[in-house]
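[1] predicted model and sequence below, questions to follow.
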Number of protein chains: 2
Amino acid sequence: MICMLKQTRNSTARSVAGLRFVVLTLCAVGFSAPAEIANVEQWGIFEQAFEGPAGGNPFVDVEFTAVFTQNDQSVPVRGFYDGNGIYRVRFSPQTQGQWTYETKSNCLALSGRTGSLTAVAPAKSNHGPVKVAHTFHFAYADGTPYRPIGTTCYAWTHQDEKLQEQTLKTLSQSPFNKIRFCVFPKSYTYNKNEPQLYPFEGTPPSSWDFTRLNPEFFRHFERRIQQLGELGIEADVILFHPYDKGHWGFDRMSAANDDRYLRYVIARFATFRNVWWSLANEYDFMKEKTPADWDRFFQIVQSEDPYGRLRSIHNGTLLYNHTQPWVTHASIQNGSAVEDYGRAVLYRDVYLKPIVFDEVKYEGNIPQRWGNISDQEMVLRFWEGTIAGTYVGHGETYLDPSDVIWWSKGGVLHGNSPARIAFLRKIMEEGPAEGLEPIDKWQDYPFAGKRGEYYLAYFGRQSLTEWPFELHKAQIKDGMKFSVEVIDTWDMTITPVKGVFETKKRDDYAFADKDGRRVPLPGKPYIALRIRRIAE
Amino acid sequence: MICMLKQTRNSTARSVAGLRFVVLTLCAVGFSAPAEIANVEQWGIFEQAFEGPAGGNPFVDVEFTAVFTQNDQSVPVRGFYDGNGIYRVRFSPQTQGQWTYETKSNCLALSGRTGSLTAVAPAKSNHGPVKVAHTFHFAYADGTPYRPIGTTCYAWTHQDEKLQEQTLKTLSQSPFNKIRFCVFPKSYTYNKNEPQLYPFEGTPPSSWDFTRLNPEFFRHFERRIQQLGELGIEADVILFHPYDKGHWGFDRMSAANDDRYLRYVIARFATFRNVWWSLANEYDFMKEKTPADWDRFFQIVQSEDPYGRLRSIHNGTLLYNHTQPWVTHASIQNGSAVEDYGRAVLYRDVYLKPIVFDEVKYEGNIPQRWGNISDQEMVLRFWEGTIAGTYVGHGETYLDPSDVIWWSKGGVLHGNSPARIAFLRKIMEEGPAEGLEPIDKWQDYPFAGKRGEYYLAYFGRQSLTEWPFELHKAQIKDGMKFSVEVIDTWDMTITPVKGVFETKKRDDYAFADKDGRRVPLPGKPYIALRIRRIAE
């Protein structure tokens, strides 16, 4: 059929940010049933399909958006082509109640389509998307604290189905509530296998039509996002990476193709409430891109994503300027920084945002120095980062006869750190809802917590035999009572210290126990303390 | 006499940035001799006096500027009122050759005055102003390296003349080539004495006309700047500080008064080539100011100072955003950061500017914890900062029966660190002209230098008995020959190690000595190594 073209001067359509109107000469028109009122959970996903032109290049020729409206709120949303003449629009209502929508397009069949949905109360397990909270921490939209305990399997969605299912199973039994993984496949040491699907139409390895995305690839990828969401795991989606080196050429597309890819990904994935955007892994190793490209990508993500999902960018050796307003949290690769809480805290000071150490080297035994730290060292880094008021991510690189290494392909975990990380996670979850704050930064005082209420100390590699009970003065008065527990972070034991400690001012900086009591410690490394105020 | 008022619509005058034109009804007019051609060194100071109105409020009523011109270059410069009907304009030519000028004013007697000067080659000791060089370091304008070794005497210019002269004498015999000090007097522990002079007209302690500056105060202050310059010492001038708490009220003036004060100070001091601008000490402790105030102050300094002198701002516990383009280098208070080169380097990574630790606590014995680190600890902090590719500042707080403490009042130095800092300074001066760069950051490798040529290592508190010769691979090939010296940073000895070390690839990361030689070390703390390539 002949597609009736809308005029580009349509002023309402033009008001949608970022739309380009292309003059179509001919396109097929189809029909879909009039939309009925649908019920969808707050923070859930509403999706509506429409038939439209399959000819020409729908990814380039057809502009298709919808505006969702509730009272004074109008949320413009980009639709996307899903192949076979099907166009979809997705929407995640951030507030409950009725929403209406109207589509706009430069193709008449896709324009002016209207409908409604009702956003209902979320299910018990649906806490909404994760947001920044209390400057340095995170919480779900309903206020439930979220403490990121991440891991990385860069190319797990590009492995065979069986391996992907195994990875999901492993994750479901792990402490991890965030995983970093790449949209584009990866060509790198231990990961030279071709993926199951490709993001563009064409012929592997390097003959692609970058103007034609492959809906099947993205349908697969978003099913994985959804499955992670069902496990309570945030999907930290890496949009670009340097592990291509022109093998496929996804790392060196033109700016127009990069931007179209980004808009398509956002149109599809942004509605999933567990999505975080990681602009790139080791962005500075992508020599094809300039600093201005990264700023532009951030701005595209910021303007195209109606929900303001978390945005970060991960470095090789050159940090991005995380003070930029479009960066919601600093995603940092630096293992050295979490060897010492006195280092990790410095990033908090400069960025005044949540600090997530998304790569701190890997527990494993590969020859590369970034991939052979010990299990104990990995756990130490988690603790040092934690008492600095920052968050640490896990990774694992144990050699495998089939090169199935967790860091890249997923599969199963072999290391000893995940059990200890689960132990730490439980301790964090029993801690202050606002997150752990350094108690007396820059003063060689390895305590984080909530002043006057809760203290978590970590003595790292030191093998202390005692600790003189001593709390920094902030929020402390004489006569406050505290319980003390000695935590062995490696053996995963929590041993209460007998009796109650009662504060008495010692000097201008600290309060000690009124009877000068000291806490006996087992004289071995990796020992922590938990000190909690006893309710009167 | 009647002052002929210029029209505010004069478009040439309006082109000078930042001028406001106030309608004057009456002002005295005087004369000065027509300017003759003067010779002045490049980077030196040209000054011309003009008689003008002494009545009304010259600081508020009279706008007075000059534009200095050489070929295509035009440099607008603000003049200033120096009391007794004398107006001055100062100019520091940044290029040699002839310059002409023409004054502009809303008072006819001060307007349209013209003259010339010839900027001649600088004297041997005149290297020009210090600028940022090689991203993380500094150099004089003529390319001579400048390695800041700073100290602090906040209120030395506000003490009696004899003490000020003693401070200058002490500085002349010290290793310090930069000193931080405040324009405004200081009211703080150990420093409760009133200053000799005040910056405004009025009656101490708190009855001031903030619209009338006291030229005598500023003449005195700039004489001290000049004397420092003659000693080769940079004057890191602190424009605001919180050590007033309303005692005089210089910390809580109105925005208009703050800004007028800033413009006046810049008009007077900016011509001195050894001036650096420190917007504030512990800026975040000045609760009367907002973040927007600090941004505005920076922008005023940036736009008013024709020479682009170095600009920084020093923190208490909250860092300013040093990524802002108007910050030339990060001036940081954090003693903890230079206990460990692995901490100090992190600031370099985030700011990509020179990092100057302008307060790292004080060598001394006062009860305050910021003022009682040991001499050895101070020296350790200098070395840790140095091998991180950053710069460390000294300070001293030994109790004195008359409360003459170096940190605040100057006087004489009592500590043991300055001699060791002089020793370090000499080593730095014998090092690479470009400055010391971390060799393999984030990898527990305490080496800075210039890859392939020069390495300075520091082992801090470790008491090593040997070090296996091992250089990071960058810029190293098999067969390169190096000399090694063992440096005792406390005893100030440099002991050459016998023989030559020759590189041989060891693994993917490092080169060792071809015969596996190790460097014997004395088994005590504070030991450094200097490794230099031997010319073939």
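    Yep, that arrived.
[2] now stretch A:295-308: buried residues?
    Buried residues in stretch A:295-308, defined by neighbour count with 16 or more other CB atoms under 10 Å in any protein chain shown: A:Arg296, A:Phe297, A:Phe298, A:Ile300, A:Val301, A:Gln302, A:Glu304, A:Asp305, A:Pro306, A:Tyr307. Bear in mind the C-beta positions are built from the backbone N, C-alpha and C, glycine included.
[3] tell me the one of those nearest chain B?
    Taking CB to the nearest CB as the measure, chain B lies nearest A:Phe298 of those, at 15.2 Å.
[4] roughly how far does the residue nearest to that closest one when sequence neighbours are not counted sit from A:Pro354?
    Leaving aside its chain neighbours, A:Phe298 sits nearest to A:Trp326 (4.3 Å; criterion: CB to CB, 6 or more residues apart in numbering or on different chains). Using CB to CB, to the nearest Å, A:Trp326 is found at 15 Å from A:Pro354.
[5] the two - which one has more neighbours?
    Higher neighbour count among A:Trp326 and A:Pro354: A:Pro354, with 24 against 16, using other CB atoms under 10 Å in any protein chain shown.
[6] three-state assignment of A:Tyr243?
    coil (DSSP: H, G, I helix; E, B strand; the rest coil).
[7] looks like it contacts A:Tyr188 (just checking).
    Yes: with contact defined as CB atoms under 8 Å, A:Tyr243 counts as touching A:Tyr188 (4.2 Å).
[8] who's more crowded, those two?
    Remark: of A:Tyr243 and A:Tyr188, A:Tyr243 carries more neighbours, 22 against 15, as counted by other CB under 10 Å.
[9] residue contacts, the more buried one?
    A:Tyr154, A:Cys182, A:Lys186, A:Ser187, A:Tyr188, A:Asn191, A:Asp251, A:Asn281 (CB atoms under 8 Å, 6 or more residues apart in numbering or on different chains).
[10] can you select the buried ones from those residues in PyMOL?
    Buried residues among the contacts of A:Tyr243 (16+ other CB under 10 Å), as a PyMOL selection:
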select buried, chain A and resi 154+182+186+187+191+251+281
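[11] how many residues are close by the residue nearest to A:Thr317 when sequence neighbours are not counted?
    Leaving aside its sequence neighbours, A:Thr317 sits nearest to A:Asp284 (CB to CB, 6+ apart; 6.6 Å). Residues contacting A:Asp284 under the criterion other CB under 10 Å number 18.
[12] wait, a helix at A:Asp284?
    Yes: counting by three-state DSSP, A:Asp284 is located in a helix.
[13] in the stretch 351-500 of chain A, mark out all the helices, start to finish.
    For the stretch 351-500 of chain A, the helices defined by DSSP state H, counting those that start in this stretch occupy A:375-387, A:406-409, A:417-429.
[14] could you check how far A:Glu102 is from chain B?
    Computed as CB to the nearest CB, to the nearest Å, the A:Glu102 to chain B distance reads 41 Å.
[15] so what's the residue of the stretch 401-536 of chain A found nearest chain B up against?
    Closest contact between the stretch 401-536 of chain A and chain B, by CB to the nearest CB, is at A:Trp442 (3.9 Å). A:Trp442 makes contact with A:Gly342, A:Val345, B:Thr317, B:Asn334, B:Gly335, B:Ser336, B:Ala337 under the criterion CB under 8 Å, 6+ apart.
[16] what angle separates the host helix or strand of the first one from helix B:341-351?
    Using DSSP states H and E, A:Gly342 falls within helix A:341-351. With axes from the mean of the first three to the mean of the last three CA atoms, to 10 degrees applied, the angle from helix A:341-351 to helix B:341-351 works out at 20 degrees.
[17] against which helices or strands is helix A:341-351 packed?
    Packed against helix A:341-351, as judged by 3 or more CB pairs under 8 Å, 6 or more residues apart in numbering or on different chains; DSSP states H and E, are the following elements: strand A:330-333, strand A:355-359, helix A:375-387, strand A:437-438, helix B:341-351.
[18] and the direction of it versus that of helix A:375-387, what angle?
    Here the directions of helix A:341-351 and helix A:375-387 differ by 40 degrees (the same axes, to 10 degrees).
[19] figure out how far helix A:341-351 is from the centre of its chain.
    From the chain centre to the centre of helix A:341-351 is a distance of 20 Å (CA atoms, centre = their mean, to the nearest Å).
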